Every structure is written in C-alpha cells, then in structure tokens.
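S.K.: build me a model:
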Amino acid sequence: MNYIITIAIVLQVLSALAVIVLVLLQHGKGADLGAAFGGGASGSLFGATGSANFLSRSTAVAATIFFCSTLALTIGAKHNRAPVSGGVLGTVTETAPAQQPVTTPKAPVEQKTTESPAQNQIPR
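M.R.: Okay, the predicted model is just below:
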C-alpha cells in the first residue's frame with residue numbers, strides 16, 4: 001500500500017507542475033488583440049489556433065491526473081491510519097504515588113461583631 005501512496009505523491013507533484021506551466025503558457029483574452037495588429041501568431045509552432053487547443057487539452061489532462069492522485073492519497077491515508085489508542089493520555093503507563101494529605105491544626109475562629117454601616121463611615 002505504501003508504494004501506491006508514493007506513486008500518487010509523485011504523480012501529484014508532476015501534474016501540479018504541469019498545470020502551472022501549461023496555464024502560464026496559454027494566451028489571455030487580451031493577446032488576441034495584439035495578433036490583430038500583426039502580432040505574428042500564425043507563425044507559431046502549432047499554428048494560429050493549434051496552440052490553444054493543444055494547451056487547453058493538455059491542461060485538462062494534467063488537472064484530471066492531479067485530482068485523481070489527490071483522491072488516491074485521500075483514500076490511502078484513510079486506510080493507512082493507525083488505530084486510535086485513547087489519545088495522548090492513553091500512552092501513559094506510570095502513575096504518580098499517592099500522597100498523604102497535609103493536615104494543619106485548626107485555629108480558633110474569632111467571632112466578629114456586627115456594627116451598623118453608619119459606624120464604618122469616615123467623617124467628613
């Protein structure tokens with residue numbers, strides 16, 4: 001199963017690079033206006049309209065390969081996942097020793113006298 005994931009990663013990287021290069025090679029909509037004023041588009045390697053069809057079809061093929069390899073990686077990661085063992089704390093094996101509670105002698109509680117709020121005010 002690991003070799004399939006390796007092949008899918010290689011295909012994904014190569015197809016991603018191919019999509020990037022093919023998209024950058026394609027002409028934008030504004031490039032046709034320059035050809036109308038003597039841009040010389042008919043003298044290209046693929047002809048006047050051949051490059052657009054070839055590049056767009058190549059981009060579609062590279063994008064299809066990219067999406068298929070992404071789907072294969074997702075399925076491979078789903079099947080290759082390790083079983084869940086209770087999270088991070090599921091791996092802890094050592095327990096802390098029990099400690100004796102610290103007892104302190106209780107101090108006698110002093111009783112407070114209740115005073116009216118008028119006695120607590122600061123004179124002005």
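S.K.: model confidence score at residue 96, please.
M.R.: For residue 96, the model assigns a pLDDT of 69.
S.K.: please read the previous query as pertaining to residue 28.
M.R.: 73.
S.K.: likewise for the one 5 residues further on?
M.R.: Residue 33 is assigned a pLDDT of 58 by the prediction.
S.K.: in the chain, which helix or strand is least confident?
M.R.: helix 31-36 (a mean of 58; mean pLDDT, DSSP states H and E).
S.K.: helix, strand or coil for residue 9?
M.R.: helix (DSSP: H, G, I helix; E, B strand; the rest coil).
S.K.: shaky segments in the chain?
M.R.: 1, 29-52, 80-87, 89-92, 95-96, 108-124 (pLDDT under 70).
S.K.: so which residues of the protein form helices?
M.R.: 2-25, 31-36, 50-79 (DSSP state H).
S.K.: can you redo those as a markdown table with mean neighbour count and distance to residue 102?
M.R.: The way it works is simple: take the backbone N, C-alpha and C, and place the C-beta from them, glycine included. Shown next, in a markdown table, are the helices of the chain (neighbours: other C-beta atoms under 10 Å; distance: least, C-beta to C-beta, whole Å):
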| stretch | mean neighbour count | distance to residue 102 |
| --- | --- | --- |
| helix 2-25 | 14 | 55 |
| helix 31-36 | 11 | 83 |
| helix 50-79 | 14 | 51 |
